[in-house]
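1. Got a predicted model here, sequence first, then my questions.
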Amino acid sequence: EDQVTQSPEALRLQEGESSSLNCSYTVSGLRGLFWYRQDPGKGPEFLFTLYSAGEEKEKERLKATLTKKESFLHITAPKPEDSATYLCAVPNPIGNQFYFGTGTSLTVIP
Amino acid sequence: KAGVTQTPRYLIKTRGQQVTLSCSPISGHRSVSWYQQTPGQGLQFLFEYFSETQRNKGNFPGRFSGRQFSNSRSEMNVSTLELGDSALYLCASSAGLRTDTQYFGPGTRLTVL
């Protein structure tokens, strides 16, 4: 069965302490991997789309990378305002449906 | 460009009642997807509408239904509410291709007492 798995479930970082979040997927025929940020009580906010292995995208302190079986979201020198849940998602190859991981809850401590 | 809007933002209902949630997609988007988000299950796909037709459906009971209007606005209905239906209901709009980015609204927080 197609699956998206994110790790770790939760991550606490000191301000300025860089780290990476992982998203692994088993869906066949990948047609894009999407990263979102979600703040408590709000809808997910789109961050990046990656389409092919080796692709990288950056936005401020975030950089997303993609391999054939997983994606990483690297956070460089995070700030408290980066605290949120980060979700990854992949489209179902045969239907207009996104499979979402359960997310990584990131807390950045000042 | 205005984003996805959802109304109402908060709802409190009692078991057995029914509820209707509304979603207005980004202008020009023809696809609307609905998701249920709970702490234990994450985002679960309910259904997707494109040009007034349900194009895809998740594994939810028939109490969950939806529709889409000619202006792409969509409604979701839940009948005979159960305690377990308490969740954040999210609507996402996209241009319509299978791999198009989905843009989410702020959600409707439904509490069933």
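-> In hand now; what should we look at? Numbers count the residues shown, from 1 in each chain, chains lettered A, B, ... in the order given.

2. neighbours around residue 94, how many?
-> Unless you meant another one, I'm taking chain A. For A:Ile94, the neighbour count with other C-beta atoms under 10 Å in any protein chain shown is 11. Every C-beta, even on glycine, is put in place using the N, C-alpha and C of the backbone.

3. To clarify, I was referring to chain B.
-> Counted with other C-beta under 10 Å, the neighbours of B:Ser94 add up to 22.

4. In contact with it: list those residues for me.
-> Counting by C-beta atoms under 8 Å, 6 or more residues apart in numbering or on different chains, B:Ser94 touches B:29, B:31, B:33, B:100-103.

5. May I have the predicted confidence score for the closest residue to it other than its chain neighbours?
-> Distances taken as C-beta to C-beta, 6 or more residues apart in numbering or on different chains place B:Asp100 nearest to B:Ser94, at 4.0 Å, with adjacent residues excluded. Here the pLDDT value assigned to B:Asp100 is 86.

6. Tell me, how many residues neighbour B:Asp100?
-> Neighbourhood size, B:Asp100 [other C-beta under 10 Å]: 17.

7. Over to it: give its phi and psi.
-> Main-chain torsions, B:Asp100, degrees, to the nearest 10: phi -70, psi 150.

8. Also B:Asp85?
-> Residue torsions, per degrees, to the nearest 10, at B:Asp85 are phi -80, psi -10.

9. Verify the stated contact: it with B:Leu110.
-> Yes. The pair formed by B:Asp85 and B:Leu110 meets the contact definition of C-beta atoms under 8 Å, at 6.5 Å.

10. any shared contact partners between these two?
-> B:Val78.

11. In the chain, what residue spans correspond to strands?
-> Using chain A. Using DSSP state E, the strands of chain A run over residues A:4-7, A:10-14, A:19-25, A:33-38, A:45-50, A:56-59, A:62-66, A:70-75, A:84-91, A:98-100, A:104-109.

12. was after chain B, sorry
-> B:5-7, B:10-13, B:19-24, B:31-38, B:42-50, B:53-57, B:64-68, B:74-78, B:87-94, B:103-104, B:108-112.

13. Is the shortest one in proximity to chain A?
-> If I follow you right, that is strand B:103-104. Yes. Applying C-beta under 8 Å from any C-beta of the partner chain, one finds strand B:103-104 in contact with chain A at B:103-104.
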